[in-house]
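J.: Sequence first, then the predicted structure, then my questions.
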Amino acid sequence: MPFEPRILIIDDEPKMCESLRVLLEGYGYEVRTALEGKKGIECLANDLFALVITDMVMPDTDGLAIMDYIKANCPDTLVIVMTGHVSVQSAIGALRKGAYDYLEKPFEPDKLNAIVQRAMSRARLQHQLKESEDALRGSEEKYREVVESSLVGFYIRQGDTIKFVNNTFANIFGYTCEELLQTDFWRLVHPDDIEMVRERGIKRIEGEPAPSQYEARGIRKNGETIWVNRRNIRIEHEGKPAILGNIVDITERKQMEEQLLQSEKLRAMGEMASGIAHDFNNILAAILGNTHLLLTTVQEPEFRKRLKNIEIAAHDASHTVKRLQSFTRVRKDDSDFERIDIRTLIDDVIDITKPKWKDQRQEKGITIELVSDMKEVPPVAGYPSEIREVLTNLFFNALDAMPDGGALTLRTRHICEWTDSDPEKEGIVEIIVSDTGCGMSPEVRKRIFDPFFTTKDVNSSGLGLSVSYGIIIRHGGDILVESKEGKGTTFIIRLPVSLDATARVEKKIELTKCIKKARILVIEDDMMVSDVLEEMLSSVGHDVTTAPNGREGIEQFKNSSFDMVFTDLGMPEMSGWDVARFIKNTRPNVPIAMITGWGAEFDQKQLRDAGVDLVVAKPFSIDRIVHLVDKATELKEATA
């Protein structure tokens, strides 16, 4: 039976049906149309079509129902779905239902023609395959040449034994035909899918109902996992029942589906990042601000040590938020890397994580033994907050792997790579974190750095080790893992030695009374942030008035005289931009500082147009606020 490139168009929009009919007939196809889903199904019941182009949403039925009918009654007919509301979920849903492709309305004629041409080529190939299968039932030898030249992999098996394969089948699995005839069939099937493939094969042989085609995983000669579409029928081969099967490699399509799903996750995370970062920055501003205020008054060494730990953790959290805010933006370069003393940094991590690995575990009667073997190592360059984050993540993963207790070992070493020119500048610093926990299987170990991969419960994002790996790579290093099930896990962080990086100077927080007292208006809707700002400014002698929103701030400004205004950017009803414009229009010489937790980078024109003189990002330090007031005073005097 010759192949007929007949197309059925199903759409409840008459103009769309007519336009597609005229367009496709112009390309030489035979076209029929149906203005309802049910009419389309009637056409399918009474005639054969190589291709169906259907709308996804119609009054009487939808495209998915039509695909279900086609899959059950016309499995050789290909489907292209059209929709004006395409999304990643709907696209993946259509592909999983068996759609060949999808189109988003409106679309260009050339795009439609290209997709239809590919679909017709696929339909023509399927038609040839079906004819090949029918021919093989009657005379295998007569049609061997057709099978050998096919783009689909064919095989015949009896039990575990492979009796025949074509070149395409051999190429898909990476063997030669001769090798496959000596290979156990089940070596080609993924272990997790063997039971399913075996069960369906037995049903075929015994004449019981079984899916005519399905998807399963296969194993190539090199151990690589692939996805194939299987189609099986029962035949007689050499006087005995056998399975005649054909396969198509669909690995690329499966990877595309996975990429679409991950892209959707990343997009959703990007949308959430801005709002989460803003709220978190407000919290950090209150924590860091109050910590700085306490450090100016508390003198007891033990209390100061605890406050410094809080300060370090808050600073690290603020760096994490900045990375979250730059989730979809280009990463900055390493020009502001700092000199990092690894021993000091590890001591910080031990102190910060101590409540979890010691205090909380001891309350439950669980003992974690911390073993330290710290050799003297030269400095490295980087962001201390990010390296601390990596080590903290490895600490917590180790604790999760030892729910009943165990040993957590930290080691450092310097691996020298001497040269005649300057041996001191060559080498690698290794930080080794080992646990005596449950360990990992080889399969898990291969995937631990993949985004979203996790062996924990649903509360785990699966991003911890992926983010850690990215941090170390950005620092010019590497992270290795050694693990055996039941024997524990060892992570090895390797960072290049850097003797040139500049150490960050620790600023001692000392407040001195301001030389010139200023009247300052603070407009901030987060009361914790507002209180911290008021306390910071008041502690150095300034007169501070606060307002909880933009409208009340404007009223305060109208009724009093102020030397400077701090205003939050994101506030309900009236934003910081609106506040700044009003103040500048009313009293142009009053300096305005914009407080923002959004992490946005503003260009100078945007700031000038709104009348903003200074920008302060949350969380802020007390010395930063004092410096801004001094700068604002200079600006006001310069414009007086």
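T.: Ah, there it is.
J.: Domain map for the chain?
T.: 6-133, 139-249, 338-496, 519-639 (automatic domain parsing).
J.: Quick one: name whatever helix or strand follows whichever strand or helix holds residue 40.
T.: Counting by DSSP states H and E, the secondary-structure element that holds residue 40 is helix 37-46. Where DSSP H and E defines the elements, the next helix or strand beyond helix 37-46 is strand 51-55.
J.: Mind listing residues that contact that following strand?
T.: Here strand 51-55 makes contact (Cβ atoms under 8 Å, 6 or more residues apart in numbering) with 5-13, 16, 20, 37, 40, 44, 63, 66-67, 70, 77-83, 116, 119-120, 123. Using the backbone N, CA and C atoms, a C-beta is placed for each residue, glycine as well.
J.: How about residues contacting stretch 3-14?
T.: Residues lying outside stretch 3-14 but in contact with it, judged by Cβ under 8 Å, 6+ apart, are 17, 20-21, 24, 28-37, 39-40, 43-44, 47-55, 58-59, 63, 66, 82, 116, 120, 123-124, 127-128.
J.: Can you get me the start-to-end distance on it?
T.: Start to finish, the residues bounding stretch 3-14 are 29 Å apart (Cα to Cα, to the nearest Å).
J.: now it: mean pLDDT?
T.: Along stretch 3-14, the predicted local confidence has a mean pLDDT of 90.
J.: repeat for stretch 107-115
T.: What stretch 107-115 shows for mean pLDDT is 87.
J.: immediately after the helix or strand of the chain with the lowest mean pLDDT, which helix or strand?
T.: The element with the least model confidence among the helices and strands of the chain, by mean pLDDT, DSSP states H and E, is helix 144-148, at a mean of 62. Read in the C-terminal direction, the helix or strand following helix 144-148 is strand 153-158, with elements assigned using DSSP H and E.
J.: pull the CA atoms of that next one into CSV?
T.: What follows is strand 153-158, C-alpha atoms only, in CSV (Å, rounded to 0.1, in the frame of the first residue of the first chain):
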residue,chain,number,x,y,z
GLY,A,153,17.1,-0.8,14.7
PHE,A,154,15.6,-4.3,14.1
TYR,A,155,16.3,-7.5,16.1
ILE,A,156,14.9,-11.0,16.6
ARG,A,157,15.3,-12.7,19.9
GLN,A,158,14.3,-16.0,21.4
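J.: Within the helices and strands, which one has residue 388?
T.: Using DSSP H and E, the secondary-structure element containing residue 388 is helix 384-400.
J.: Any idea how far that helix is from the middle of the chain?
T.: Its chain's C-alpha centre lies 20 Å from the corresponding centre of helix 384-400 when counted by Cα atoms, centre = their mean, to the nearest Å.
J.: export it as PDB, just CAs?
T.: The C-alpha trace of helix 384-400 is given here as PDB (Å, rounded to 0.1, in the frame of the first residue of the first chain):
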ATOM      1  CA  PRO A 384      35.900  34.000  52.500                       C
ATOM      2  CA  SER A 385      32.100  33.900  52.800                       C
ATOM      3  CA  GLU A 386      31.800  31.600  49.800                       C
ATOM      4  CA  ILE A 387      34.500  29.200  51.000                       C
ATOM      5  CA  ARG A 388      32.900  29.200  54.500                       C
ATOM      6  CA  GLU A 389      29.600  28.300  52.800                       C
ATOM      7  CA  VAL A 390      31.200  25.300  51.000                       C
ATOM      8  CA  LEU A 391      32.700  24.000  54.200                       C
ATOM      9  CA  THR A 392      29.500  24.600  56.200                       C
ATOM     10  CA  ASN A 393      27.600  22.600  53.500                       C
ATOM     11  CA  LEU A 394      30.100  19.800  53.700                       C
ATOM     12  CA  PHE A 395      29.900  19.800  57.500                       C
ATOM     13  CA  PHE A 396      26.100  19.500  57.500                       C
ATOM     14  CA  ASN A 397      26.100  16.800  54.800                       C
ATOM     15  CA  ALA A 398      28.600  14.800  56.900                       C
ATOM     16  CA  LEU A 399      26.300  15.100  59.900                       C
ATOM     17  CA  ASP A 400      23.300  13.900  57.900                       C
END
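J.: buried sites along it?
T.: Applying a neighbour-count criterion of 16 or more other Cβ atoms under 10 Å, the buried positions in helix 384-400 are 384-395, 397-399.
J.: Any idea which of those residues the model trusts least?
T.: Least confident by pLDDT among these: that is residue 385, with 83.
J.: is it true that it touches residue 314?
T.: No - using Cβ atoms under 8 Å, residue 385 makes no contact with residue 314, being 10.2 Å away.
J.: For residue 380, give the beta-bridge partners.
T.: Using DSSP bridges, the beta-bridge partners of residue 380 come out as residue 340, residue 497.
J.: Would you confirm that it contacts residue 429?
T.: Yes - with contact defined as Cβ under 8 Å, residue 380 and residue 429 form a contacting pair (5.4 Å).
J.: who has more neighbours, these two?
T.: Neighbour tally, residue 380 and residue 429, criterion other Cβ atoms under 10 Å: the higher count belongs to residue 380, 28 against 22.
J.: and that one, how far is that from residue 387?
T.: Residue 380 sits 8 Å away from residue 387, going by Cβ to Cβ, to the nearest Å.
J.: anything in contact with each of the two?
T.: Between them, residue 380 and residue 387 share these contacting residues under Cβ under 8 Å, 6+ apart: 340, 475, 495.
J.: Relative to residue 518, which of those is nearest.
T.: The shortest gap between residue 518 and any of the shared contacts of residue 380 and residue 387 belongs to residue 340, at 38.8 Å (Cβ to Cβ).
J.: Quick check, pLDDT for the residue of the chain positioned farthest from its centre.
T.: With distances taken from the mean C-alpha point of the chain and given as Cα atoms, centre = their mean, the most distant residue is residue 239, at 54.7 Å. Turning to residue 239, the model gives it a pLDDT of 87.
J.: Return the residues in contact with it.
T.: For residue 239, counting by Cβ under 8 Å, 6+ apart, there are no contacting residues.
J.: Please, where are all the helices along the stretch 101-250 of the chain?
T.: Counting by DSSP state H, counting those that start in this stretch, the stretch 101-250 of the chain has helices at residues 109-138, 144-148, 167-173, 177-180, 194-205.
J.: List the buried residues of the third one.
T.: Buried positions in helix 167-173, judged by neighbour count with 16+ other Cβ under 10 Å: 168-170, 172-173.
J.: Pick the one among the residues you listed closest to residue 155.
T.: Out of those, the member with the shortest distance to residue 155 (by Cβ to Cβ) is residue 169, at 5.2 Å.
J.: Spatially nearest residue to that closest one (excluding sequence neighbours)?
T.: In this structure, residue 169 finds its nearest non-sequential neighbour in residue 153, 3.2 Å apart by Cβ to Cβ, 6 or more residues apart in numbering.
J.: Could you tell me how far residue 207 is located from residue 241?
T.: According to Cβ to Cβ, residue 207 and residue 241 sit 9 Å apart.
J.: Neighbour count for the two, which is higher?
T.: Neighbours around residue 207 and residue 241, counted as other Cβ under 10 Å, are more numerous at residue 241. The numbers are 14 against 9.
J.: how many other residues sit next to residue 113?
T.: 14.
J.: any idea how far the closest residue to it other than its chain neighbours is from residue 116?
T.: For residue 113, the nearest residue in space outside its immediate sequence neighbours is residue 27; the separation is 5.9 Å by Cβ to Cβ, 6+ apart. Using Cβ to Cβ, residue 27 is found at 7 Å from residue 116.
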